[in-house]
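Peer 1: no sequence for this one, just the structure:
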(Lines give C-alpha, C1' and ligand atoms only; values in the text may rest on other atoms or scores of the structure.)
Protein backbone atom coordinates (compact mmCIF):
# COMPACT_ATOMS: atom_id res chain seq x y z
CA UNK A 1 0.00 0.00 0.00
CA UNK A 2 2.86 2.36 0.90
CA UNK A 3 4.64 1.51 -2.36
CA UNK A 4 1.47 2.29 -4.36
CA UNK A 5 1.10 5.64 -2.56
CA UNK A 6 4.72 6.49 -3.30
CA UNK A 7 4.22 5.72 -7.00
CA UNK A 8 1.18 8.00 -7.11
CA UNK A 9 3.14 10.75 -5.39
CA UNK A 10 6.01 10.46 -7.84
CA UNK A 11 3.63 10.42 -10.78
CA UNK A 12 1.93 13.54 -9.45
CA UNK A 13 5.27 15.31 -9.09
CA UNK A 14 6.30 14.35 -12.60
CA UNK A 15 3.05 15.66 -14.04
CA UNK A 16 3.56 18.98 -12.26
CA UNK A 17 7.09 19.31 -13.57
CA UNK A 18 6.20 18.32 -17.14
CA UNK A 19 3.33 20.83 -17.17
CA UNK A 20 5.74 23.68 -16.43
CA UNK A 21 5.64 26.37 -19.09
CA UNK A 22 8.57 27.54 -21.19
CA UNK A 23 10.59 30.74 -21.51
CA UNK A 24 11.08 32.66 -24.76
CA UNK A 25 14.16 34.85 -25.17
CA UNK A 26 16.57 36.14 -27.80
CA UNK A 27 20.21 35.36 -28.38
CA UNK A 28 22.76 37.24 -30.45
CA UNK A 29 26.31 36.05 -30.99
CA UNK A 30 29.00 37.80 -28.98
CA UNK A 31 28.84 40.35 -26.21
CA UNK A 32 26.31 43.16 -25.90
CA UNK A 33 26.09 45.53 -28.87
CA UNK A 34 28.21 43.50 -31.30
CA UNK A 35 25.59 43.84 -34.03
CA UNK A 36 24.99 40.14 -34.61
CA UNK A 37 21.53 38.94 -35.71
CA UNK A 38 19.37 37.80 -32.74
CA UNK A 39 17.22 34.67 -33.01
CA UNK A 40 14.17 33.84 -30.92
CA UNK A 41 14.85 30.89 -28.62
CA UNK A 42 12.71 28.79 -26.29
CA UNK A 43 13.97 27.35 -23.00
CA UNK A 44 12.47 24.23 -21.42
CA UNK A 45 12.88 24.26 -17.60
CA UNK A 46 12.26 20.51 -17.44
CA UNK A 47 15.04 19.48 -19.83
CA UNK A 48 17.08 22.61 -19.01
CA UNK A 49 17.78 23.09 -22.69
CA UNK A 50 17.13 25.69 -25.38
CA UNK A 51 16.08 25.34 -29.00
CA UNK A 52 15.52 27.83 -31.79
CA UNK A 53 11.98 29.15 -32.21
CA UNK A 54 12.50 31.65 -35.03
CA UNK A 55 15.62 32.50 -36.99
CA UNK A 56 16.46 36.19 -37.26
CA UNK A 57 15.10 37.47 -40.58
CA UNK A 58 17.09 40.65 -41.18
CA UNK A 59 20.87 40.78 -40.91
CA UNK A 60 22.11 42.60 -37.78
CA UNK A 61 18.49 43.20 -36.63
CA UNK A 62 16.72 39.90 -36.01
CA UNK A 63 13.76 39.15 -33.71
CA UNK A 64 13.38 39.93 -30.01
CA UNK A 65 11.10 40.81 -27.08
CA UNK A 66 8.47 38.19 -27.78
CA UNK A 67 5.33 37.82 -25.65
CA UNK A 68 2.54 35.27 -25.99
CA UNK A 69 -1.15 35.69 -25.23
CA UNK A 70 -2.49 34.05 -22.07
CA UNK A 71 -3.99 31.15 -24.02
CA UNK A 72 -0.66 30.62 -25.78
CA UNK A 73 -2.21 30.81 -29.26
CA UNK A 74 -0.73 34.14 -30.41
CA UNK A 75 2.68 35.75 -30.23
CA UNK A 76 3.90 39.31 -30.76
CA UNK A 77 7.54 40.36 -31.10
CA UNK A 78 10.00 42.94 -32.38
CA UNK A 79 11.16 42.50 -35.96
CA UNK A 80 12.82 44.51 -38.73
CA UNK A 81 11.15 42.54 -41.54
CA UNK A 82 8.66 45.37 -42.15
CA UNK A 83 11.34 48.03 -42.89
CA UNK A 84 12.18 49.47 -39.49
CA UNK A 85 11.59 48.33 -35.93
CA UNK A 86 7.97 47.19 -35.92
CA UNK A 87 5.87 44.62 -34.10
CA UNK A 88 5.00 41.39 -35.83
CA UNK A 89 2.06 39.28 -34.67
CA UNK A 90 1.55 35.63 -35.49
CA UNK A 91 0.04 32.34 -34.43
CA UNK A 92 1.68 29.74 -32.19
CA UNK A 93 0.89 26.31 -33.62
CA UNK A 94 2.55 23.17 -32.26
CA UNK A 95 5.48 25.16 -30.93
CA UNK A 96 6.05 27.04 -34.20
CA UNK A 97 5.35 30.64 -35.25
CA UNK A 98 3.14 30.94 -38.33
CA UNK A 99 1.16 33.58 -40.24
CA UNK A 100 3.28 36.56 -39.16
CA UNK A 101 1.81 39.95 -40.04
CA UNK A 102 2.59 43.56 -39.26
CA UNK A 103 0.81 44.56 -36.05
CA UNK A 104 0.07 48.22 -36.89
CA UNK A 105 0.52 50.55 -39.86
CA UNK A 106 1.98 53.35 -37.77
CA UNK A 107 5.16 55.16 -38.85
CA UNK A 108 6.89 55.18 -35.47
CA UNK A 109 9.27 52.47 -34.32
CA UNK A 110 7.61 50.01 -31.94
CA UNK A 111 9.06 48.01 -29.06
CA UNK A 112 8.35 45.86 -26.00
CA UNK A 113 4.79 44.57 -26.46
CA UNK A 114 2.85 42.95 -23.61
CA UNK A 115 -0.58 41.31 -23.73
CA UNK A 116 -3.23 42.10 -21.16
CA UNK A 117 -4.18 39.05 -19.12
CA UNK A 118 -7.56 38.85 -20.89
CA UNK A 119 -5.68 39.09 -24.25
CA UNK A 120 -7.98 41.93 -25.42
CA UNK A 121 -5.24 44.57 -25.53
CA UNK A 122 -1.52 44.95 -26.17
CA UNK A 123 0.46 47.70 -24.46
CA UNK A 124 3.80 48.67 -25.99
CA UNK A 125 6.13 51.62 -26.58
CA UNK A 126 6.68 53.76 -29.66
CA UNK A 127 9.65 55.90 -30.52
CA UNK A 128 7.96 59.09 -31.76
CA UNK A 129 9.97 60.69 -34.57
CA UNK A 130 8.43 64.12 -33.97
CA UNK A 131 9.51 64.36 -30.32
CA UNK A 132 12.39 61.86 -30.34
CA UNK A 133 10.88 60.28 -27.23
CA UNK A 134 9.63 56.83 -26.30
CA UNK A 135 5.98 56.80 -25.17
CA UNK A 136 3.50 54.15 -24.06
CA UNK A 137 0.65 53.14 -26.41
CA UNK A 138 -2.13 50.57 -26.19
CA UNK A 139 -3.94 48.68 -28.94
CA UNK A 140 -7.51 47.48 -28.35
CA UNK A 141 -8.52 44.41 -30.39
CA UNK A 142 -12.22 45.17 -29.89
CA UNK A 143 -12.19 48.75 -31.17
CA UNK A 144 -9.11 48.14 -33.37
CA UNK A 145 -7.75 51.49 -32.21
CA UNK A 146 -4.33 52.57 -30.96
CA UNK A 147 -4.23 55.11 -28.11
CA UNK A 148 -1.25 57.05 -26.77
CA UNK A 149 -1.15 56.83 -22.97
CA UNK A 150 1.92 58.91 -22.02
CA UNK A 151 3.58 62.11 -23.22
CA UNK A 152 6.67 62.98 -21.23
CA UNK A 153 10.26 64.12 -21.57
CA UNK A 154 12.77 61.45 -20.68
CA UNK A 155 10.97 58.57 -22.33
CA UNK A 156 8.63 55.81 -21.12
CA UNK A 157 9.49 52.15 -21.72
CA UNK A 158 8.82 48.45 -21.07
CA UNK A 159 5.15 48.48 -19.97
CA UNK A 160 3.54 45.61 -18.05
CA UNK A 161 -0.07 45.00 -16.96
CA UNK A 162 -0.98 44.49 -13.32
CA UNK A 163 -2.70 41.19 -12.58
CA UNK A 164 -6.24 42.57 -12.96
CA UNK A 165 -5.41 44.63 -16.11
CA UNK A 166 -6.55 47.81 -14.31
CA UNK A 167 -3.10 49.47 -14.27
CA UNK A 168 0.13 49.54 -16.25
CA UNK A 169 3.62 49.58 -14.78
CA UNK A 170 6.49 51.03 -16.82
CA UNK A 171 9.97 52.56 -16.73
CA UNK A 172 10.23 56.32 -17.13
CA UNK A 173 13.13 58.78 -17.33
CA UNK A 174 10.92 61.81 -16.72
CA UNK A 175 12.60 62.52 -13.36
CA UNK A 176 16.11 62.66 -14.83
CA UNK A 177 16.88 59.01 -14.13
CA UNK A 178 14.92 55.80 -14.63
CA UNK A 179 12.23 55.02 -12.05
CA UNK A 180 9.35 52.55 -12.00
CA UNK A 181 5.97 54.24 -12.53
CA UNK A 182 2.37 53.05 -12.47
CA UNK A 183 -0.73 54.49 -14.13
CA UNK A 184 -4.35 53.62 -14.84
CA UNK A 185 -5.13 51.55 -17.92
CA UNK A 186 -6.15 54.73 -19.79
CA UNK A 187 -3.01 56.66 -18.81
CA UNK A 188 -4.49 58.45 -15.80
CA UNK A 189 -3.04 58.99 -12.30
CA UNK A 190 0.67 58.43 -13.03
CA UNK A 191 2.72 57.74 -9.89
CA UNK A 192 6.44 57.24 -9.30
CA UNK A 193 6.86 54.04 -7.28
CA UNK A 194 10.61 54.01 -6.65
CA UNK A 195 11.90 57.62 -6.61
CA UNK A 196 15.56 56.67 -6.34
CA UNK A 197 18.67 58.32 -7.78
CA UNK A 198 19.75 54.99 -9.29
CA UNK A 199 18.46 53.49 -12.53
CA UNK A 200 15.37 51.31 -11.96
CA UNK A 201 14.14 49.53 -15.10
CA UNK A 202 12.64 46.40 -16.73
CA UNK A 203 9.52 46.04 -14.54
CA UNK A 204 7.05 43.15 -14.72
CA UNK A 205 3.99 42.26 -12.68
CA UNK A 206 3.07 39.02 -10.96
CA UNK A 207 -0.20 37.53 -12.22
CA UNK A 208 -0.92 36.13 -8.75
CA UNK A 209 -0.03 38.93 -6.30
CA UNK A 210 0.25 42.72 -6.32
CA UNK A 211 4.01 42.61 -6.70
CA UNK A 212 6.44 44.09 -9.22
CA UNK A 213 9.91 42.86 -10.13
CA UNK A 214 12.49 45.16 -11.68
CA UNK A 215 16.22 45.58 -12.19
CA UNK A 216 18.30 48.32 -10.58
CA UNK A 217 21.91 49.42 -10.23
CA UNK A 218 21.30 51.08 -6.84
CA UNK A 219 23.92 48.83 -5.21
CA UNK A 220 26.56 49.71 -7.84
CA UNK A 221 25.77 46.51 -9.76
CA UNK A 222 22.68 45.06 -11.41
CA UNK A 223 20.24 43.41 -8.98
CA UNK A 224 16.71 42.07 -9.11
CA UNK A 225 14.23 43.75 -6.75
CA UNK A 226 10.62 42.97 -5.84
CA UNK A 227 8.22 45.68 -4.69
CA UNK A 228 5.04 44.74 -2.79
CA UNK A 229 2.40 47.27 -3.87
CA UNK A 230 0.33 46.66 -0.75
CA UNK A 231 3.00 47.11 1.91
CA UNK A 232 5.53 49.08 -0.18
CA UNK A 233 8.16 46.62 1.01
CA UNK A 234 11.17 46.51 -1.30
CA UNK A 235 13.40 43.43 -1.38
CA UNK A 236 16.70 42.84 -3.14
CA UNK A 237 16.50 39.21 -4.26
CA UNK A 238 20.06 39.00 -5.63
CA UNK A 239 22.47 40.79 -3.24
CA UNK A 240 25.27 38.32 -3.98
CA UNK A 241 25.03 38.07 -7.77
CA UNK A 242 28.29 38.95 -9.54
CA UNK A 243 26.77 41.29 -12.12
CA UNK A 244 27.98 44.43 -13.86
CA UNK A 245 26.52 47.88 -13.38
CA UNK A 246 23.92 49.25 -15.79
CA UNK A 247 25.14 51.75 -18.39
CA UNK A 248 22.99 53.35 -21.11
CA UNK A 249 25.21 52.62 -24.09
CA UNK A 250 23.27 50.71 -26.74
CA UNK A 251 19.93 50.32 -28.51
CA UNK A 252 19.17 47.41 -26.23
CA UNK A 253 19.58 49.72 -23.24
CA UNK A 254 18.12 52.98 -24.53
CA UNK A 255 14.93 51.39 -25.86
CA UNK A 256 14.58 49.04 -22.94
CA UNK A 257 14.81 46.19 -25.41
CA UNK A 258 17.57 44.16 -23.77
CA UNK A 259 16.87 43.88 -20.07
CA UNK A 260 13.68 42.16 -18.94
CA UNK A 261 12.10 40.48 -15.96
CA UNK A 262 9.15 38.08 -16.20
CA UNK A 263 7.17 36.09 -13.63
CA UNK A 264 6.28 32.43 -13.98
CA UNK A 265 2.53 31.82 -14.47
CA UNK A 266 2.16 30.50 -10.91
CA UNK A 267 3.91 33.58 -9.48
CA UNK A 268 6.55 31.48 -7.73
CA UNK A 269 9.59 32.31 -9.88
CA UNK A 270 11.09 35.16 -11.92
CA UNK A 271 13.30 34.99 -14.98
CA UNK A 272 15.60 37.94 -15.66
CA UNK A 273 18.87 38.84 -17.34
CA UNK A 274 21.88 40.82 -16.19
CA UNK A 275 25.35 41.62 -17.47
CA UNK A 276 28.02 39.16 -16.36
CA UNK A 277 31.51 40.26 -17.49
CA UNK A 278 29.90 42.30 -20.27
CA UNK A 279 27.79 39.35 -21.42
CA UNK A 280 24.01 39.16 -20.92
CA UNK A 281 22.95 35.93 -19.20
CA UNK A 282 19.58 34.56 -18.04
CA UNK A 283 18.75 33.60 -14.46
CA UNK A 284 15.75 32.11 -12.64
CA UNK A 285 15.05 32.78 -8.97
CA UNK A 286 12.24 31.95 -6.57
CA UNK A 287 10.05 34.91 -5.64
CA UNK A 288 11.29 34.72 -2.04
CA UNK A 289 14.94 35.11 -3.14
CA UNK A 290 15.97 31.46 -2.86
CA UNK A 291 17.12 29.08 -5.57
CA UNK A 292 19.04 31.45 -7.83
CA UNK A 293 20.00 29.54 -10.98
CA UNK A 294 21.86 30.67 -14.09
CA UNK A 295 20.20 29.07 -17.12
CA UNK A 296 22.48 30.40 -19.87
CA UNK A 297 26.25 30.43 -19.72
CA UNK A 298 27.94 31.34 -22.98
CA UNK A 299 29.76 34.09 -24.83
CA UNK A 300 26.54 35.32 -26.51
CA UNK A 301 24.02 37.97 -25.42
CA UNK A 302 20.84 36.40 -24.01
CA UNK A 303 18.10 38.98 -23.58
CA UNK A 304 14.39 39.82 -23.52
CA UNK A 305 13.14 36.80 -21.49
CA UNK A 306 9.37 36.15 -21.26
CA UNK A 307 7.77 33.35 -19.26
CA UNK A 308 4.91 31.87 -21.28
CA UNK A 309 1.57 31.04 -19.67
CA UNK A 310 1.20 27.89 -21.78
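Peer 2: Yep, that arrived. Because the structure is predicted, anything quoted here is derived from the model rather than measured.
Peer 1: which secondary structure elements does the strand or helix carrying residue 204 contact?
Peer 2: Per DSSP states H and E: residue 204 is located in strand 200-205. Under the contact criterion of 3 or more C-beta pairs under 8 Å, 6 or more residues apart in numbering; DSSP states H and E, strand 200-205 touches strand 156-161, strand 167-172, strand 179-184, strand 211-216, strand 261-263. The way it works is simple: take the backbone N, C-alpha and C, and place the C-beta from them, glycine included.
Peer 1: Out of these, which gets nearest to residue 269?
Peer 2: strand 261-263 (7.3 Å; C-beta to C-beta).
Peer 1: Poorly predicted segments of the stretch 151-300 of the chain, please.
Peer 2: Within the stretch 151-300 of the chain, the ranges that satisfy pLDDT under 70 run 248-257.
Peer 1: Going along the chain, name the helices of it.
Peer 2: Under the criterion DSSP state H, counting those that start in this stretch, the stretch 151-300 of the chain contains helices at 251-254.
Peer 1: residue boundaries of the strands in the stretch 101-250 of the chain?
Peer 2: When assigned using DSSP state E, counting those that start in this stretch, the strands of the stretch 101-250 of the chain occupy the ranges 109-115, 121-128, 133-140, 145-148, 156-161, 167-172, 179-184, 191-192, 200-205, 211-216, 223-228, 234-236.
Peer 1: Could you provide these in JSON lines, with additional columns for mean neighbour count and distance to residue 86?
Peer 2: Formatted as JSON lines, the strands of the stretch 101-250 of the chain follow (neighbours: other C-beta atoms under 10 Å; distance: least, C-beta to C-beta, whole Å):
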{"stretch": "strand 109-115", "mean neighbour count": "24", "distance to residue 86": "5"}
{"stretch": "strand 121-128", "mean neighbour count": "23", "distance to residue 86": "10"}
{"stretch": "strand 133-140", "mean neighbour count": "22", "distance to residue 86": "13"}
{"stretch": "strand 145-148", "mean neighbour count": "13", "distance to residue 86": "13"}
{"stretch": "strand 156-161", "mean neighbour count": "26", "distance to residue 86": "17"}
{"stretch": "strand 167-172", "mean neighbour count": "26", "distance to residue 86": "20"}
{"stretch": "strand 179-184", "mean neighbour count": "22", "distance to residue 86": "25"}
{"stretch": "strand 191-192", "mean neighbour count": "12", "distance to residue 86": "30"}
{"stretch": "strand 200-205", "mean neighbour count": "28", "distance to residue 86": "22"}
{"stretch": "strand 211-216", "mean neighbour count": "25", "distance to residue 86": "26"}
{"stretch": "strand 223-228", "mean neighbour count": "21", "distance to residue 86": "30"}
{"stretch": "strand 234-236", "mean neighbour count": "15", "distance to residue 86": "36"}
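Peer 1: who wins for proximity to residue 292 among those?
Peer 2: Across the strands of the stretch 101-250 of the chain, closest to residue 292 is strand 223-228 (C-beta to C-beta), at 9.1 Å.
Peer 1: What are the contacting residues of that closest one?
Peer 2: Strand 223-228 is contacted from outside by 180, 193-194, 200, 209-217, 233-239, 241, 243, 261, 270, 272, 274, 283, 285, 287, using C-beta atoms under 8 Å, 6 or more residues apart in numbering.
Peer 1: roughly how far is that strand from the heart of the chain?
Peer 2: Centre-to-centre, strand 223-228 and its host chain are 15 Å apart (C-alpha atoms, centre = their mean, to the nearest Å).
Peer 1: Do you know the pLDDT at residue 117?
Peer 2: The model reports residue 117 with a pLDDT of 96.
Peer 1: ok, now residue 26?
Peer 2: Note for residue 26: predicted pLDDT of 96.
Peer 1: Could you report the neighbour count for residue 260?
Peer 2: Residue 260 has 29 neighbours, counted by other C-beta atoms under 10 Å.
Peer 1: May I ask you to confirm that it is in contact with residue 158?
Peer 2: Yes - at 7.2 Å, residue 260 and residue 158 qualify as touching, with contact defined as C-beta atoms under 8 Å.
Peer 1: what touches both of those two?
Peer 2: Joint contacts of residue 260 and residue 158 (C-beta under 8 Å, 6+ apart) are residue 202.
Peer 1: Which residues are in contact with the residue most central in space within the chain?
Peer 2: Geometric centre of the chain, nearest residue: residue 260, 4.2 Å, by C-alpha atoms, centre = their mean. Taking C-beta under 8 Å, 6+ apart, we find residue 260 in contact with 65, 158, 202, 204, 272-273, 303-306.
Peer 1: gap between it and residue 208?
Peer 2: The gap separating residue 260 from residue 208 is 19 Å, by C-beta to C-beta, to the nearest Å.
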